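Undergrad: what follows is a predicted structure for the sequence shown.
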Amino acid sequence: MFHVALFSMNYFIKTFGCQMNVSDSERIAAFLEEHNFSSSDNIKEADLVIFNTCGIKQTAENRAYSMINNLRKEKKRNVQIIMTGCLANRADVQKRMKSKVDLFFPVKDIKEFENWIIENYLEIGNWKLEIAAPNKITNKENIAYLSINPKYSSNYAAYVPIMTGCNNFCAYCVVPNARGREVSRPAEEIISEIKDLIAKGYKSITLLGQNVNSYKSPTTINYQLSTKNAQKEINFATLLKKINSIPGKFWINFVSSHPKNMDDKLIETVVKSKKVCEWIHLPVQAGDDDILRKMNRRYTQKHYLEQIKKIRAAFKKYKPQHQFSISSDIIVGFPGETKKQFLESAAVMKKSKFDMVFFGQYSPRPETVAWKMKDNVSQKEKVWRENFLNEILKKTAFTNNKKYLNKTLEVLIEKEKGGFYFGKTRTQKNVKLQAKKKGLVGKFTKVLIKKAHAWNLEGEID
């Protein structure tokens, strides 16, 4: 396996952005500890600091620059600074931070990171990186880092990446450039990781990918058809069925989905699978067809609304006694978006009756198609548009949440603070309740809902 360091060193990881970055950081942490590094909770005490960056918004990018600059000013310490994540590949970032950062590396190129560690911290010896079985990796791109057993940040809920990269090239998005093309993990590897988690008592599994519903396993399995063995590819629907069949009591969630790949078979599989939670996150991004075309989203408002209608019909057909929720993402102020076009996003919200929407004010991102478009919607207007949509969301979310009143729900308790427990339902509703019993964090608890608000529910242990 791995050689060990000559002496123990401390590391600190700062993670920006999405759940995928969180999962990546968990794998980097495990990788470092295999090399005899020790985790530090204090960035000022670390010998090695890794910034796992996000390039989706300028604000997250600026925060990373600020932290790195401040850290480098501490001249009394000989700290090594590493940058990975979405910003690590960008030429302008590397030029800007060249004197501040010791190594830039894309997270999938974990071998490059190991070579750097060898050179800077470890004995030169007979090295061998054993983080993936070569016969299982048939893709051209290196995804060996996903085979590292992560250092999970929770002992009851885990992120499990099933793929990385993206082929969609939405005009505003940095992911294809930052992470490369879509590469799926072998289904056997995913299922093995989840089985291990369930055996350890994990209660919630969230499958991750930039577009999970385009998942295609790089390996195949045999199916018995009549008297012949046939090869059948494992797609996302098939993967969900296989995970759903794993023994044990646990929840399955997944993010994120692309509307163009949310077909009828997948909808039916999601809704009929007992362990898959009654929550679907389906980003719409915009309501106007012309803006969707400029974004390169490859669907129309009509198509999206038809999918929402199918999802609602499927839940009512197969889980009539269950509440369900639908959430989305919307970008306001995309280049050239007129007030009239923006109001189409409002129309989609009113028709879809979302439970939650994650809003983003358009921010020009280098190396994207939209980078060359004129960012002609003012910041003031973007703020107004987001607030306008948020008022719509408050109404629909509150109306949806009132349906939970006086019902007993299963809640996974996530934390205890100030005499209260905070947890989530299977529909991703936040629930607050008094901590009258101790030791419920990480456990399923029956909760009677007594109050409903726009953004959360309140209840008591049933």
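TA: Looks like it came in fine. Numbering: from 1, shown residues only.
Undergrad: next, the contact list for residue 281, please.
TA: By C-beta atoms under 8 Å, 6 or more residues apart in numbering, the contact set of residue 281 is 255-257, 326-329. C-beta here means a position set from N, CA and C on the backbone, and glycine is covered the same way.
Undergrad: make it 7 Å
TA: 255-257, 327 (C-beta atoms under 7 Å, 6 or more residues apart in numbering).
Undergrad: min pLDDT across those, which one?
TA: Ranked by pLDDT, these bottom out at residue 256 (93).
Undergrad: weed out the non-buried ones from the contacts of residue 281.
TA: 255-257, 327 (16 or more other C-beta atoms under 10 Å).
Undergrad: can you put the residues you listed in a markdown table and add secondary structure and distance to residue 317?
TA: Formatted as a markdown table, these follow (DSSP: H, G, I helix; E, B strand; the rest coil; distance: C-beta to C-beta, whole Å):
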| residue | secondary structure | distance to residue 317 |
| --- | --- | --- |
| 255 | strand | 24 |
| 256 | coil | 25 |
| 257 | coil | 20 |
| 327 | strand | 21 |
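Undergrad: of the residues you listed, closest to residue 238?
TA: residue 257 (15.9 Å; C-beta to C-beta).
Undergrad: ok now do that closest one, which residues does it touch?
TA: Residue 257 makes contact with 211-213, 281-282, according to C-beta under 7 Å, 6+ apart.
Undergrad: on the pLDDT front, check residue 75 for me.
TA: For residue 75, the predicted pLDDT is 61.
Undergrad: what about the helices in the chain?
TA: For the chain, the helices defined by DSSP state H cover 19-34, 58-72, 91-97, 110-120, 175-179, 187-199, 236-244, 264-272, 289-295, 301-318, 339-352, 379-401.
Undergrad: mind putting these into TSV with mean neighbour count?
TA: Formatted as TSV, those follow (neighbours: other C-beta atoms under 10 Å):
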stretch	mean neighbour count
helix 19-34	21
helix 58-72	15
helix 91-97	14
helix 110-120	16
helix 175-179	21
helix 187-199	18
helix 236-244	20
helix 264-272	17
helix 289-295	19
helix 301-318	16
helix 339-352	18
helix 379-401	16
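Undergrad: so which of those helices comes closest to residue 333?
TA: helix 379-401 (3.7 Å).
Undergrad: how about the CA coordinates for that closest one, as PDB?
TA: The C-alpha trace of helix 379-401 is given here as PDB (Å, rounded to 0.1, in the frame of the first residue of the first chain):
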ATOM      1  CA  GLN A 379     -26.600  43.900 -10.400                       C
ATOM      2  CA  LYS A 380     -29.400  45.900  -8.900                       C
ATOM      3  CA  GLU A 381     -31.800  44.300 -11.400                       C
ATOM      4  CA  LYS A 382     -30.500  40.800 -10.600                       C
ATOM      5  CA  VAL A 383     -31.100  41.300  -6.900                       C
ATOM      6  CA  TRP A 384     -34.600  42.600  -7.600                       C
ATOM      7  CA  ARG A 385     -35.400  39.600  -9.800                       C
ATOM      8  CA  GLU A 386     -34.100  37.100  -7.200                       C
ATOM      9  CA  ASN A 387     -36.200  38.700  -4.500                       C
ATOM     10  CA  PHE A 388     -39.300  38.700  -6.800                       C
ATOM     11  CA  LEU A 389     -38.900  35.000  -7.400                       C
ATOM     12  CA  ASN A 390     -38.200  34.300  -3.700                       C
ATOM     13  CA  GLU A 391     -41.600  35.900  -2.800                       C
ATOM     14  CA  ILE A 392     -43.300  33.400  -5.100                       C
ATOM     15  CA  LEU A 393     -41.300  30.600  -3.600                       C
ATOM     16  CA  LYS A 394     -42.400  31.600   0.000                       C
ATOM     17  CA  LYS A 395     -46.000  31.300  -1.000                       C
ATOM     18  CA  THR A 396     -45.800  27.900  -2.700                       C
ATOM     19  CA  ALA A 397     -43.400  26.500  -0.100                       C
ATOM     20  CA  PHE A 398     -45.700  27.600   2.700                       C
ATOM     21  CA  THR A 399     -48.800  26.100   1.000                       C
ATOM     22  CA  ASN A 400     -46.900  22.800   0.500                       C
ATOM     23  CA  ASN A 401     -45.700  22.700   4.000                       C
END
